[in-house]
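Student: what would the 3D arrangement of this be:
(one chain, ligands or ions: 1)
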Amino acid sequence: MTDRAAEIAANLADVRARIEAACKAAGRSPEEVRLLAVTKTFPASDAAILAGLGVRDLAENRDQEAAAKAAEVDAPVRWHMVGRLQRNKARSVVRWADEVQSVDSPRLAEALARAVAAARDAGERTEPLDVLVQASIDGDPARGGCPLDRLPELAHGVIRSSDLRLRGIMAVAPLGMEPRAAFDRLASVAGELRTEFPTARELSCGMSNDLEEAIDYGSTCVRVGTALLGGRGLASP
Ligand SMILES: *Cc1c(COP(=O)(O)O)cnc(C)c1O
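Tutor: Residues are numbered from 1 along each chain as shown. Predicted structure coming up:
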């Protein structure tokens, strides 16, 4: 094992132990919580190490970087898009992504549906695209996400197409808001969404610094970068 592989293996063991402890504290089963490894800014070799260690879900936030990385990693992993997405990137994203967690407008949903259909016609993919709608917990439009009161309209936009499968809801705890308060609000919105759209069972929240709080509020998918791979420095979000 290389030094880097040993380092990542130790980090992964720590993260898995944190998830397990948080589930235990919340009276939940660890099987209810998926670990998404966020590999943005890190090389394909790190993604391959994670895959070799049994991580099945990898996430990226930029189309161009992700497309290249996904092409390089030859392993049975699922790729997730978690970053802000322009509609003109939809055609490219559906070539590598199994799931897009950052769908925040009906127009983006429509562009992705068209892109999946085109990719199918071109023989580039066979499966529909799994989709999470991204919620903006504090309603600040600057950082992406759909305002909470517009989520039902967005979810309707997603289920309109048989090329998209509505799987749930994703959010990032806003800066300057206590994570527990943020996840509490998100959990109640997620519950309402699930009542109207029964397939929307995923609640994607919790990152390196707040995964315990997120699991306590019902997260089914934590997205972890720094705690697995190290710091990304200032230039990269
Ligand atoms: C980068 C990123 C993460 C991972 O954040 P860490 O703090 O490094 O764990 C999770 N979710 C999204 C949407 C991200 O962009």
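Student: what ranges does the chain have for its helices?
Tutor: 3-26, 44-52, 63-72, 90-96, 106-121, 151-159, 179-196, 211-216, 226-229 (DSSP state H).
Student: how about the residues of the chain near the ligand?
Tutor: 38, 40, 61, 82-83, 172, 207-209, 223-227 (Cβ under 6 Å from any ligand atom). Every residue, glycine included, has its C-beta placed from N, CA and C.
Student: just those now: which is nearest residue 53?
Tutor: Nearest to residue 53 among the residues of the chain next to the ligand is residue 224, at 13.3 Å by Cβ to Cβ.
Student: how many neighbouring residues does that closest one have?
Tutor: Number of residues near residue 224 (other Cβ atoms under 10 Å) recorded here: 23.
Student: does it touch residue 35 like I think?
Tutor: Yes - using Cβ atoms under 8 Å, residue 224 is in contact with residue 35, at 6.4 Å.
Student: what stretches of the protein score poorly on pLDDT?
Tutor: Applying pLDDT under 70 to the chain flags residues 234-237.
Student: hmm, 80 instead?
Tutor: Applying pLDDT under 80 to the chain picks out residues 141-143, 233-237.
Student: for the ligand, see how far away residue 70 is.
Tutor: Residue 70 sits 17 Å away from the ligand, going by Cβ to the nearest ligand atom, to the nearest Å.
Student: ok, the nearest residue to residue 110 once chain neighbours are set aside - contacts?
Tutor: Closest residue to residue 110 in three dimensions, ignoring its sequence neighbours and counting by Cβ to Cβ, 6 or more residues apart in numbering: residue 157, at 6.7 Å. The neighbours of residue 157, taking Cβ atoms under 8 Å, 6 or more residues apart in numbering as the test, are 106, 109-110.
Student: any idea which of the residues you listed is closest to residue 165?
Tutor: For those, the nearest to residue 165 is residue 109 (11.6 Å; Cβ to Cβ).
Student: does that closest one touch residue 131 like I think?
Tutor: Yes - with contact defined as Cβ under 8 Å, residue 109 reaches residue 131; the gap is 7.0 Å.
Student: more neighbours, these two?
Tutor: Ranked by neighbour count (other Cβ under 10 Å), residue 109 and residue 131 place residue 131 first, with 30 against 27.
Student: isn't the more buried one right up against residue 110?
Tutor: No - taking contacts as Cβ under 8 Å, residue 131 lies outside contact range of residue 110: 11.7 Å.
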